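J.: Could you work out the structure for the sequence below:
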Amino acid sequence: MATTTETAAANRERLVIVEDDPITRTMIAGYFSDQGFRVEEAETLAEARRLVRRVKPELIFLDVVLPDGDGFELAKELQGFSDAGIIFVTRRDTDIDRIVGLELAGDHYVTKPVNLRDLLARTRSLLRRRKIERETARRSTTITFGPFMIDLLRRELATINGDPIRLTRGEFDLLAALVESNGRPLSRDYLIEVVSNRQGDVDARTVDALVARLRRKLLGASEPGVIATVSGIGYKLGIVAERNA
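T.: Got it, this is the predicted structure:
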């Protein structure tokens, strides 16, 4: 029978660091081990491929410049056999690199020197989001609210008559969070986390702007109360949502 310590170790979230600089790798590994993660390390793309298949991590820290190739190429490969989140951690800080990384497979793009507390915050936010996505996938992914129907898996919004409503990534993520909460108020701080994944610098004004844009798009269906403001807190869904069988 497994001991309590063994069970706790097995349940720790698994993290793979792909980094050829031993000082940076050791610093990140030590910090995240202290934060309760199960950490594995790789110096090259070849090592990383083998390690990811064996460990099946929840999250990968991936450098872009590695001795045997490009981290962007590995990110594309990983999509074929891993559902781990990817945070690029690299010295390459041009806008083109950042855009390429996020469009390929990255969830965040962090430049060196690394702020460990910021990296930890991004990690926890990403892992929470991934957990919600997994739980959503196990349930029906289509929800009806008022005259609208949202498909959380296909990331589509339409009227119940089948007319599509085009949303940006940030607009969809924010609306999906409100629909999932089904009338429970969500704070602006929480919604900042929800939309910060690929939005760059996000603050309360960003959330307010996304809500304003959503309201304009949904007002076309004559439903002005879809998103209600909760004074001193944030926003909530103003109509009842029902998950479809």
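J.: other SSEs contacting the longest helix along the chain?
T.: As assigned by DSSP state H, the longest helix anywhere in the chain is helix 116-138. The contact analysis (3 or more Cβ pairs under 8 Å, 6 or more residues apart in numbering; DSSP states H and E) places helix 116-138 against helix 22-34, strand 59-62, strand 85-90, strand 108-111, helix 188-195. C-beta: built from backbone N, CA, C; applies to glycine.
J.: chain center to the last one: distance?
T.: Right, helix 188-195. Offset of helix 188-195 from its chain centre (Cα atoms, centre = their mean, to the nearest Å): 12 Å.
J.: please renumber so the chain begins at 45
T.: Got it, first residue is 45 now, which makes that one helix 232-239.
J.: Give the rounded mean pLDDT of that helix.
T.: Helix 232-239 comes out with an average pLDDT of 87.
J.: before we move on, the earlier item: now do the next helix or strand after the longest helix of the chain: which elements does it pack against?
T.: Downstream of helix 160-182, the next assigned helix or strand under DSSP states H and E is strand 186-189. The contact analysis (3+ Cβ pairs under 8 Å, 6+ apart) places strand 186-189 against strand 192-195, helix 213-225, strand 285-287.
J.: buried sites along strand 186-189?
T.: Neighbour counts over strand 186-189 (16 or more other Cβ atoms under 10 Å) mark Thr186, Ile187, Phe189 as buried.
J.: Tell me the strands beside it, with direction?
T.: Strand pairing for strand 186-189, using DSSP bridges, gives strand 192-195 (antiparallel), strand 285-287 (antiparallel).
J.: in the last one, what counts as buried?
T.: For strand 285-287, burial by neighbour count (16+ other Cβ under 10 Å) applies to Ala285.
J.: re earlier: possible to save the strands paired with strand 186-189 as TSV with distance to Thr212 and mean pLDDT?
T.: Output for the strands paired with strand 186-189, formatted as TSV (distance: least, Cβ to Cβ, whole Å; pLDDT from 0 to 100):
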stretch	distance to Thr212	mean pLDDT
strand 192-195	14	92
strand 285-287	21	82
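J.: could those go into JSON lines alongside distance to Gly129?
T.: Shown next, in JSON lines, are the strands paired with strand 186-189 (distance: least, Cβ to Cβ, whole Å):
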{"stretch": "strand 192-195", "distance to Gly129": "22"}
{"stretch": "strand 285-287", "distance to Gly129": "26"}
